[in-house]
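*Asks:* Sequence and predicted structure below; questions after.
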Amino acid sequence: MKNIFENLEYPKGETQEKIEDLFSGKSFRVERILSSGQTSSEWYNQEEEEWVCLLQGEAKLQYENGNILSLQKGDTLFIPAHQKHKVIYTSEHCIWLCVFEK
């Protein structure tokens, strides 16, 4: 058994989030992502569909069309494959739970 809130080593002063694979199956993988102020400089254009749950903190995502979504603790979001997006804000201690379809 593992606890999602254990070993929270946030990436302070780093440009990259800390990504940890938690589990994967034939058609999916589950990641825990820790952010502490990191943003994305490039647009994500993922081959996979992604379901996101923000377990802690606050974040903002921007879509290529200019729409901005503000996420709070507990918010969930589905991002279809090839939906260009980027992270434009993360609070000091964000915990993301992400499920990707392979």
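*Replies:* Right, received. Where do you want to start?
*Asks:* tell me the contacts of R29?
*Replies:* With contact taken as Cβ atoms under 8 Å, 6 or more residues apart in numbering, R29 is in contact with 21, 23, 99-100, 102. From N, CA and C alone the C-beta is placed, and that goes for glycine too.
*Asks:* So among those residues, which ones count as buried?
*Replies:* 99-100 (16 or more other Cβ atoms under 10 Å).
*Asks:* between the contacts of R29, which is nearest H82?
*Replies:* When the contacts of R29 are compared for distance to H82 (Cβ to Cβ), F100 wins out at 13.4 Å.
*Asks:* how about the nearest residue to the closest one, chain neighbours excluded?
*Replies:* In space, and not counting its chain neighbours, F100 is closest to E48: 4.4 Å by Cβ to Cβ, 6 or more residues apart in numbering.
*Asks:* ok so, going back, sort out which of the contacts of R29 are in strands and list them.
*Replies:* Those of the contacts of R29 mapping onto strands are 21, 23, 99-100, per DSSP state E.
*Asks:* With pLDDT and distance to Y10 added, can I get these in JSON lines?
*Replies:* Shown next, in JSON lines, are the ones in strands among the contacts of R29 (pLDDT from 0 to 100; distance: Cβ to Cβ, whole Å):
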{"residue": "D21", "pLDDT": "95", "distance to Y10": "18"}
{"residue": "F23", "pLDDT": "94", "distance to Y10": "22"}
{"residue": "V99", "pLDDT": "98", "distance to Y10": "21"}
{"residue": "F100", "pLDDT": "97", "distance to Y10": "22"}
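*Asks:* for this structure, what spans make up the strands?
*Replies:* Using DSSP E, the strands of the chain run over 18-24, 28-35, 50-56, 59-63, 68-71, 76-79, 85-90, 94-101.
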